[in-house]
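Q: model this:
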Amino acid sequence: MGAKGEALAKQFEGKVQEATAVVEKLSDADWKKTTSAEKWTVGVVAHHVAMSHEGITRIIKTVSTGQSVPNFTMDMLNAMNAQHAKDHANCTKAETVALHKKNAAAATAVVRGLSDIEMGKTGTVLAGMPSMSVEQIVSGILINHIDEHLGSIRATIGR
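A: Below is the predicted model:
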């Protein structure tokens, strides 16, 4: 474990707790509102965040070993996200909160276990985009992903 991993794990845990608190307080009516940013229901956005911790963690593990994510494009990401929205249109709050907690705990453990050397390793995450360090992936993708979508949920429900 390195100092950077520990600091970023704590930052991520704070964001996870914040998101959990917001999602747990959503009413059934809020859950069904459509966000203006993603054009998905609040429930689907919350489920997307919960599910994404796992995929982003796989990217972190890959790059921390000095590898790149092979041939992954923005179009592929958008298609995956659109399919997820269709597949989980009827997700429940209980299943979403449970998935969020489970996947966030696993992501936190991975981040916390990274050495400072691993945090500095770089690789391509999206084809055609500049390489990113593991530290940049954790802060710019894993943590920012929660902020981005939580902001959308809050804007939609008026909080």
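
Q: can you give me the strands for this protein?
A: Counting by DSSP state E, the chain has strands at residues 122-123, 132-133.

Q: now mean pLDDT too, for these, in JSON lines please.
A: Output for these, formatted as JSON lines (pLDDT from 0 to 100):
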{"stretch": "strand 122-123", "mean pLDDT": "96"}
{"stretch": "strand 132-133", "mean pLDDT": "96"}
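
Q: which one of those lies nearest to residue 44?
A: strand 132-133 (26.9 Å; CB to CB). For glycine as for every other residue, the C-beta is placed from the backbone atoms N, C-alpha and C.

Q: chain center to that closest one, what's the gap?
A: Once both centres are worked out by CA atoms, centre = their mean, to the nearest Å, strand 132-133 turns out to sit 17 Å from its chain's centre.

Q: contact partners of that strand?
A: For strand 132-133, the external contacting residues (CB atoms under 8 Å, 6 or more residues apart in numbering) are 63, 119, 120, 121, 122, 123, 124, 125, 140, 141.

Q: how many neighbours does the second one have?
A: Number of residues near residue 119 (other CB atoms under 10 Å) recorded here: 23.

Q: please name the residues that touch it.
A: So residue 119 contacts 2, 4, 5, 8, 64, 133, 134, 135, 138 (CB under 8 Å, 6+ apart).
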